[in-house]
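1. structure here, sequence nowhere to be found:
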């Protein structure tokens, strides 16, 4: 639960507005099926593209947004965040609201026009998830058939974590968008190359010469998640992920989209099957706009919406996406507590490793 004490310093109207929003938001999160967090059992993993976090566009984010973002993150154990900007003060502010047991790991800024000055981050509750020490950005190696090696517009970020009985490598992405069409050639190529590269690594863990078993500390599982800019559930961009051997948890295959209109499947969580890490029947898309920055809240923000340089007021529907995001939250719960299974198998005389 985030720290709310700072709200006491706000004016009465702001304090009341944010508190009422938090009440609705907490209820919506529960109603969306997000289970209560525990220190054992399932690990709750989410992916969220937080639009230009943090941008000064339209005057910047209000105190409301910081409290709502922190509240949402607090209900998960590990969140992959895309579109973090070079200035980390906004992310630090979120961590300050969440509490000292929350940590983050971030990439450097991806330079160049296509990089858009973005970082990617993993934000995690260290009471449940431990950082394993691995952190790196993926650069594709040259292949004999390639005359020019494709590199990513925004470099994918891999980190190793431990949760319960599972050791997990997670790779978060913000894939090239390009033309506003379902099948952009570069977007497809980025997804195909990345999935193929990660699948190859997952099949054959790196081992020292002469070794006959996987190295100590090798990850048991691999998760590929983030903003893939996939338009439809059945298009070639998503198929490129599954063709490489990744699978989408069943609970995430029959769901609404993760854009505001809920008709695009931009965000995905895909799993390379390992051990001691099982998909559950809990997951989906969290639509926080059912609780905060609703259409009926427009009047309460009238004085906060600033005119652009051209003197025009932005539409509330656009302005609010720079407060929260133009992406909803994709999440899933995974089983990482296998104590009962382990003990039962020992009782039956089976050796376990």
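-> Looks like it arrived, so ask away. The structure presented is a predicted model; accordingly, all values stated were derived computationally and were not measured.
2. switch to C-alpha atoms for all contacts and neighbour counts from now on
-> OK.
3. next helix or strand past the longest strand belonging to the chain?
-> Of all segments of type strand in the chain, defined using DSSP state E, the longest is strand 42-53. Going down the chain from strand 42-53, the next helix or strand is helix 63-74, by DSSP states H and E.
4. so how far is residue 171 from residue 196?
-> Taking Cα to Cα, to the nearest Å as the measure, residue 196 and residue 171 are separated by 13 Å.
5. which one's more surrounded, the two?
-> A direct count of neighbours by other Cα atoms under 10 Å for residue 196 and residue 171 places residue 171 higher, at 25 against 17.
6. tell me the secondary structure at the more buried one.
-> strand (DSSP: H, G, I helix; E, B strand; the rest coil).
7. surely residue 57 meets residue 323?
-> No: assessed by Cα atoms under 8 Å, residue 57 is found out of contact with residue 323, at 9.4 Å.
8. of the two, who's got more company?
-> Neighbours were tallied for residue 57 and for residue 323 using other Cα under 10 Å; the higher tally belongs to residue 323 (27 against 13).
9. for that one, which non-adjacent residue is spatially closest?
-> Closest residue to residue 323 apart from its sequence neighbours, by Cα to Cα, 6 or more residues apart in numbering: residue 61 at 5.1 Å.
10. the closest residue to residue 316 other than its chain neighbours: how many residues sit nearby?
-> Counting by Cα to Cα, 6+ apart, residue 316 lies nearest to residue 298, which is 6.5 Å off, once chain neighbours are set aside. Residues lying near residue 298 (other Cα under 10 Å) number 16.
11. which SS class is residue 298?
-> Following three-state DSSP, residue 298 is assigned to helix.
12. any idea how far it is from residue 251?
-> With Cα to Cα as the criterion, residue 298 and residue 251 are 34 Å apart.
13. check residue 154 too.
-> Where residue 251 is concerned, residue 154 sits at a distance of 28 Å (Cα to Cα).
14. what about those two, which has more around it?
-> Shown here are residue 154 and residue 251; by other Cα under 10 Å, residue 154 has more neighbours (24 against 16).
15. now do the contacts for that one.
-> When contacts are counted by Cα atoms under 8 Å, 6 or more residues apart in numbering, residue 154 touches 110, 114-115, 118, 173-176.
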